[in-house]
Every structure is written in C-alpha cells, then in structure tokens.
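Novice: based on what follows, work out the 3D shape:
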Amino acid sequence: MITESLPRGFTIRRPTMDDIQAALELTNTCEIAREGKAETTLNDMQLWWTMPDFNITTDAWAVFSSEGKMVGFSSVDAQEHARIYSGGDVLPEYRGRGIGTHLLHLNEQRAQAHLSEAAPDMRVSILSWMDDRD
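Specialist: Take a look at the predicted model:
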C-alpha cells in the first residue's frame, strides 16, 4: 500500500470491483457539488471499469480515510497508448489536504508509462478532465 505524500491517517490502494459502489457515491457527490445533480449511474461505472483499454489494477487509485471511507479516486486510460485520458475526484470536505495532488502525480506517472509503449511515430495526447469550478 502506498502512503507517501498523503496526510496522516489516509491510505491509497488500487480499487477492486468491490469498491465500485463507493466510487460511484464519491463521483455522484462530486457531480452534485459541481453541477447540482448526479449524472453517473452504476451501469456507467460498470461499463467504464470493464472497458478493454482500462484495467483498475494498473490504471486507478482510491484514497481512503482512517474510517475506511473512499474520499478520492483517480484513473488513467489510454487508446493505443496515444490518447491518454486522466481524471479524478476528491470529496469536497477532503479537498485542500494534498490528496488530489497526490492522485494527480500518480496519474502523471501512469501517463508517462504509456508514452514508452506508444508506437515510435505515434503522436501522443494527454487529456485531463477538469471542471472550471474546481
């Protein structure tokens, strides 16, 4: 389990399919805070987590509080190692503690790994999802 750069009491690990409901709740809470409504469904999350180009054991991270609550989640997925997508969320009440920064650094490291796997003549794009209210 990776714990460097996180505040005391928080842990990080790769999510499993058992964490999908907690990830959905985190996503929905953040959507409500940003947009006023939740848009992601359990089916959306299941489709995303089982896409052929996405592997939750190598491409995603979940941060948990000392009480075991998922408070942050991030992921990177890539198409042919050339179109790399990065995103994440931290529950509003846990922001400003370095959790999002830590997740961003992990996403950057994973994106760098994809660069070395891209075809030599391939143009690579890294796209990060961000909301202007964050």
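
Novice: switch to C-alpha atoms for all contacts and neighbour counts from now on
Specialist: Fine.

Novice: using the three-state scheme, assign residue 21.
Specialist: Secondary structure, DSSP: H, G, I helix; E, B strand; the rest coil: residue 21 is helix.

Novice: helices along the protein, start to end?
Specialist: Under the criterion DSSP state H, helices of the chain are mapped to 20-35, 42-49, 56-59, 99-117.

Novice: in CSV, list those helices along with distance to residue 6 and mean neighbour count.
Specialist: Output for those, formatted as CSV (distance: least, CA to CA, whole Å; neighbours: other CA atoms under 10 Å):
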stretch, distance to residue 6, mean neighbour count
helix 20-35, 18, 17
helix 42-49, 25, 13
helix 56-59, 19, 16
helix 99-117, 6, 18
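
Novice: by mean pLDDT, flag the weakest helix or strand of this structure.
Specialist: strand 125-128 (a mean of 72; mean pLDDT, DSSP states H and E).

Novice: what are the pairing partners of it, and which direction each?
Specialist: strand 83-90 (parallel) (DSSP bridges).

Novice: ok, and what's touching the partner strand?
Specialist: Contacting residues not belonging to strand 83-90 are listed as 26-27, 30, 71-78, 99-100, 103-104, 107, 111, 114, 124-130 [CA atoms under 8 Å, 6 or more residues apart in numbering].

Novice: that one vs helix 99-117, what angle?
Specialist: 170 degrees (axes from the mean of the first three to the mean of the last three CA atoms, to 10 degrees).

Novice: buried ones in the longest strand seen in the chain?
Specialist: Longest strand in the chain by number of residues (criterion: DSSP state E): strand 70-79. Neighbour counts over strand 70-79 (16 or more other CA atoms under 10 Å) mark 70, 71, 72, 73, 74, 75, 76, 77, 78 as buried.

Novice: which residue sits closest to the third one, ignoring its sequence neighbours?
Specialist: Counting by CA to CA, 6 or more residues apart in numbering, the nearest residue to residue 72 once its immediate chain neighbours are dropped is residue 90, at 4.2 Å.
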